[in-house]
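**Q** Curious how this folds, go ahead:
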Amino acid sequence: MLLDVSSEIYAWARGALLILFLYNLILFLQNKRKLFLYYSLYLLCFFVFFLKSAPSLEGNKFFNDISHTVLFIGFAFYVEFSRDLLDTKKFIPDWDKLLKLTTVGLMIIAFLFFIIRLEFGYNYQIKLLLIISPILTLFSILTYFVFTKIKGLHVTFFIIGSLAYLILANINLIGLNSVGEEYFTKRNINPLIFSYLGVLIETTMFAMILGFRIRSVEKSKAETEGLLAKKTKEMSDLKMTMLQSQMDPHFLYNSLNSINNFVLQNDKEKASDYITKFARLIREILKNSAHLTIPLKDELGILALYVKLEQLRMADGFDYIVTIDESINLEEIKVPPLFMQPFIENAIWHGFANKKSDKVLTLSIYDEEDKIRCEIIDNGVGIDKTKYYKREESSRKPFGLKASEDRIKLLHENKNVYVIIEDISGVNRTGTKVTLKFPKSI
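**A** Predicted structure coming up:
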C-alpha cells in the first residue's frame, strides 16, 4: 500500500535521494563550493538511514546499529549547509558561533549513539533520543526565529522545509513511543512514513533554494560580464580619444609651419589662400573631434582639404588621384576621424621630400565583400631611400602611423584589420604602398 514504506514508491524515494546526492556531489567537484558538499553529505546520510527500511535490508544488524549515528551526522551536515546557504557568519555572527558549536555537539551525540547501541542496545538509544529530541526541537525553532532577521525568499523556503521535517519527524518519534507500534501496524502504517514525507518536503524546498542560487549566480555572472564589456569598450574609446588627441597637435604644427614659410617668402596670395583652406580644415576637425567615428565620406572630404594644403605648400606640387568602387556606400562605412591622414602625410613628407618632379599620390578604395581595402600609393623615393635621406639630412621623422593603426584596430577589436606598408620600388620605378583593410561594419 501507499503508506507501507516497504512498497515500491519508497524505493523510488530512496533512489531519488541517492541521485540528488550524486548530483550535488558533482556540483561540488565542479565549482568547489562547500555548500554543495554539505548538502550532498546530508542527503547521503538520510539515504543510508532509510536503507534499513528497504525490504532486502530490513532487520540487517549493521544498518540498525548505525542508523541513529548516521542520522545525527546528517543533522551536523545540515547545520553546516544552513550556515553556508544563509551566510550566518555575515548576517548573524553571534548565532553563527553557536551553530558551529552545535555541529560539534551533533558529531559527539552521533558517536555516543553508536557506543550506546553496541554496549546497551536499541532501547537505550530510544531513551537518549527522547531526551535529546525536545532540546534539539526547541533549539531549532529558536534558530528559525533568528533566521528571520536575514532577508530573502530563500530564507522563507529554508524555514518552511526545515519546519516540515521537524514536525513530521517528531510525529514519527512521539507517535511510535506514545501510542505504540501496534497502533500503526493495525492501520497498515509504518511511522517512518512521516520521516520520509518530511525529508521529501525539505529536500524539495532546498532544491528550489539551490536552483534560485544557481540562477542568481548566473545572472550575476552575466551582469558582471556585461559590465566588464562596457568598461572595456569605455577604455577602448578612451584610448582612441587619447590617440586622436596625440595626432592633431602634430598635424596643426605642420600646417602652421607651412603658413610661416609663406609669410617668410612674402607670398601674401598663397598665404591667404592657405589660411582660408586651413580654416575650413580646422572647422571640420573641430566638428568631428567629439566623435570616435565618422562616415568614410567625411574622412575623404577632410583628406581632400589636407592634400590641397600640402599641394600649396610643396614648391613643385603633386598629383592626387582618388578612385572608389561605385558599390561602396561611403555614408554607411564608419572610420576614426583622420585615421588615413598620417599615411598620406608620410607619403608627402618623406616620399616626395627628395623627388623633384612627376610626383603622384593615389588613394584607391575597394569593396571586398564584408571588408574595405584602402591603398595609398606614392611614387616617391621608397622606404629604403627615405631611411637613407633621414640619416643624411635629419629630415622629419614619420609620426602617427602606429597611432592610426591602433585606432582602427581598437574600433574593430583587433579582428580582421590589416595594415601593411611595403616598398614597391623596382628597376624602373620607386615608391611605397600602404594597404589598409578593415571590416565594413563595426
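**Q** all strands of the protein, in order?
**A** 294-295, 319-324, 334-335, 360-368, 371-378, 418-423, 432-439 (DSSP state E).
**Q** List the neighbouring strands of the longest one plus their orientation.
**A** It stands for strand 360-368. The strands beside strand 360-368 in its sheet (DSSP bridges) come out as strand 319-324 (parallel), strand 371-378 (antiparallel).
**Q** Relative to Arg213, how far out is Lys219?
**A** 11 Å (Cβ to Cβ, to the nearest Å). Using the backbone N, CA and C atoms, a C-beta is placed for each residue, glycine as well.
**Q** For those two, work out which one has more neighbours and name it.
**A** Arg213 (15 against 10; other Cβ atoms under 10 Å).
**Q** ok now stretch 195-204, how far from the chain's centre?
**A** 37 Å (Cα atoms, centre = their mean, to the nearest Å).
**Q** mean confidence score for that stretch?
**A** For stretch 195-204, mean pLDDT is 85.
**Q** Equivalent analysis for stretch 15-34, please.
**A** On average, stretch 15-34 scores 89.
**Q** quick one: the helices in the stretch 151-300 of the chain?
**A** Remark: helices assigned in the stretch 151-300 of the chain by DSSP state H, counting those that start in this stretch are 153-178, 181-186, 192-264, 268-288, 296-313.
**Q** Point out where the stretch 201-350 of the chain drops to low pLDDT.
**A** Scanning the stretch 201-350 of the chain for pLDDT under 70 picks out 230-252, 254, 289-290.
**Q** Look up phi and psi at the residue sitting furthest away from the middle of the chain.
**A** Distance to the chain centre peaks in the chain at Asn266, reaching 63.3 Å (criterion: Cα atoms, centre = their mean). Main-chain dihedrals, Asn266, degrees, to the nearest 10: phi 60, psi 30.
**Q** Out of the strands of the chain, which gets nearest to Lys52?
**A** Between Lys52 and the strands of the chain, the shortest separation by Cβ to Cβ is 68.2 Å, and it involves strand 432-439.
**Q** Around Ser357, how many other residues sit close by?
**A** 7.
**Q** I'd say it and Ala315 touch.
**A** No - shown here, Ser357 and Ala315 do not form a contact pair, counting by Cβ atoms under 8 Å, at 10.7 Å.
**Q** For Ser67, which residues are in contact?
**A** Val48, Phe49, Lys52 (Cβ atoms under 8 Å, 6 or more residues apart in numbering).
**Q** and with 6 Å instead?
**A** Phe49, Lys52 (Cβ atoms under 6 Å, 6 or more residues apart in numbering).
**Q** Report pLDDT for it.
**A** 85.
**Q** Same question for Lys397.
**A** 43.
**Q** And Tyr38, by the same measure?
**A** 94.
**Q** how much space between the spatially most central residue of the chain and Phe49?
**A** The C-alpha lying nearest the average C-alpha coordinate of the chain belongs to Glu225 (Cα atoms, centre = their mean; 3.0 Å). Distance, Glu225 to Phe49, using Cβ to Cβ: 43 Å.
**Q** And Gly161, by the same measure?
**A** Counting by Cβ to Cβ - Gly161 and Phe49 are separated by 17 Å.
**Q** cool, Gly382 as well?
**A** 87 Å.
**Q** cool, Ile135 as well?
**A** For Ile135, the distance to Phe49 - Cβ to Cβ - is 20 Å.
**Q** Need the helices of the stretch 151-300 of the chain in TSV (columns: distance to Met340).
**A** Formatted as TSV, the helices of the stretch 151-300 of the chain follow (distance: least, Cβ to Cβ, whole Å):
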stretch	distance to Met340
helix 153-178	58
helix 181-186	90
helix 192-264	11
helix 268-288	13
helix 296-313	6
